[in-house]
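J.: have a look at this prediction, sequence included:
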2 protein chains.
Amino acid sequence: MQDPETTLRQHDLPVTAQRLAVLRAVAHHPHATADDLAEQVRQKIGAISRQSVYNVLNVLTDKGIIRRIQPAHSPARYEDRVGDNHHHLVCRSCGLTEDVCCAVGAAPCLTAHAHHGFKIDEAEVIYWGTCPSCQKKPR
Amino acid sequence: MQDPETTLRQHDLPVTAQRLAVLRAVAHHPHATADDLAEQVRQKIGAISRQSVYNVLNVLTDKGIIRRIQPAHSPARYEDRVGDNHHHLVCRSCGLTEDVCCAVGAAPCLTAHAHHGFKIDEAEVIYWGTCPSCQKKPR
DNA sequence: TCATTAATTTTGACAAAGTCTAAATCTATA
DNA sequence: TATAGATTTAGACTTTGTCAAAATTAATGA
């Protein structure tokens, strides 16, 4: 991703220390939660309110600058890899999240057929499993 | 689904009025939330505590008698259609949820490849869109 | 049928993740 | 540099769900 300041200006968003820091944190820590990101930002700029972290994440998500994913049993996670159709692989045990490219491009069953009269705009796929590290742990 | 009482006994679960009522409510109202179900149960048997609704839903889910789905921006929803591989179609606007059969059976990209060393046990698919009724509403 | 034991239900406190509001502060512009 | 509008902050609040202890109920055997 390009310079965070440029990104913000391109989207008509006033540039603030909080926005820059959150955007950088998302870029450096893909799939982090709002809490994780707040922690990262505090290490960089000293302080940020919880509300501001949410404000910034929401406005960045709305503008399509970042993407929010919300697996079950997990708070929302954020990533700056937007615009492609990748999916996610989530560890049931520790929540570790990895990107997964669709192996065959547009898979047949993901085509947005006009099921039930819905206007479908996204097919979200989450693969659930156990990560290598959790496979090794007892029980 | 068969007689709820038989179902409970088959799974070694003591039969209680609360369990019977919750199980019937799930059968009659697929994709309902815990709150919705509590409401339905109260109309049938008069009263049930919030905790009991959760207790029952959790034990039924653990036993595989019902299935829990948790789309983003929504509390958990429950259904008694278990054991097949159907997916869901959710309205972004009102949360209306419909079942979707995978049109082509086992789709290529849903095969559990050994990505990143994970042991994959489920490919969850949620189609997001707008339901017919919400398409008609102004904005 | 009744007593007993183990499980379930209830009540109320608590927790996590987010949102809402108003006041204070800051950014962008002229 | 002053100003207007947007952002940030602080703190209360909401929703969804869990925890723990006491009270109640179901299943079993005598």
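T.: Perfect, thanks for sending it.

J.: quick check: the residue in chain A positioned nearest to DNA strand D vs chain B, distance?
T.: Per Cβ to the nearest atom of the strand, A:Ser52 is where chain A lies closest to DNA strand D, at 2.8 Å. Using the backbone N, CA and C atoms, a C-beta is placed for each residue, glycine as well. For A:Ser52, the distance to chain B equals 22 Å [Cβ to the nearest Cβ, to the nearest Å].

J.: again, but for A:Cys91
T.: In this view, A:Cys91 and chain B are 7 Å apart by Cβ to the nearest Cβ.

J.: could you find the closest non-adjacent residue to that residue?
T.: A:Cys131 (3.8 Å; Cβ to Cβ, 6 or more residues apart in numbering or on different chains).

J.: isn't that neighbour up against B:Gly117?
T.: Yes: look at A:Cys131 against B:Gly117 with Cβ atoms under 8 Å: they come within range, at 7.2 Å.

J.: quick one, which of these two is more surrounded?
T.: Of the pair A:Cys131 and B:Gly117, A:Cys131 is the one with more neighbours under other Cβ atoms under 10 Å in any protein chain shown, namely 21 against 12.

J.: contacting residues for that one?
T.: A:Cys91, A:Ser93, A:Cys94, A:Leu96, A:Glu98, B:His116, B:Gly117, B:Phe118 (Cβ atoms under 8 Å, 6 or more residues apart in numbering or on different chains).

J.: hmm, 6 Å instead?
T.: Contacts for A:Cys131 were tallied using Cβ atoms under 6 Å, 6 or more residues apart in numbering or on different chains; they are A:Cys91, A:Leu96, B:Phe118.

J.: burial measure for A:Leu20, as a count.
T.: There are 19 residues near A:Leu20, going by other Cβ under 10 Å.

J.: ok, it to A:Asp80 distance?
T.: 13 Å (Cβ to Cβ, to the nearest Å).

J.: also A:Asn55?
T.: 17 Å.

J.: which of those two has more neighbours?
T.: A:Asp80 (19 against 14).

J.: ok, the more buried one touching A:Ala27?
T.: Yes: using Cβ atoms under 6 Å, A:Asp80 is in contact with A:Ala27, at 5.0 Å.

J.: now A:Asp121: phi and psi?
T.: Backbone torsions of A:Asp121, given as degrees, to the nearest 10, read phi -120, psi -10.

J.: equivalent analysis for A:Thr16, please.
T.: Residue torsions, per degrees, to the nearest 10, at A:Thr16 are phi -130, psi 160.

J.: ditto for the one 3 residues further on
T.: For A:Arg19, the backbone dihedrals (degrees, to the nearest 10) come out as phi -60, psi -40.

J.: distance-wise, check it relative to B:His31.
T.: According to Cβ to Cβ, A:Arg19 and B:His31 sit 38 Å apart.
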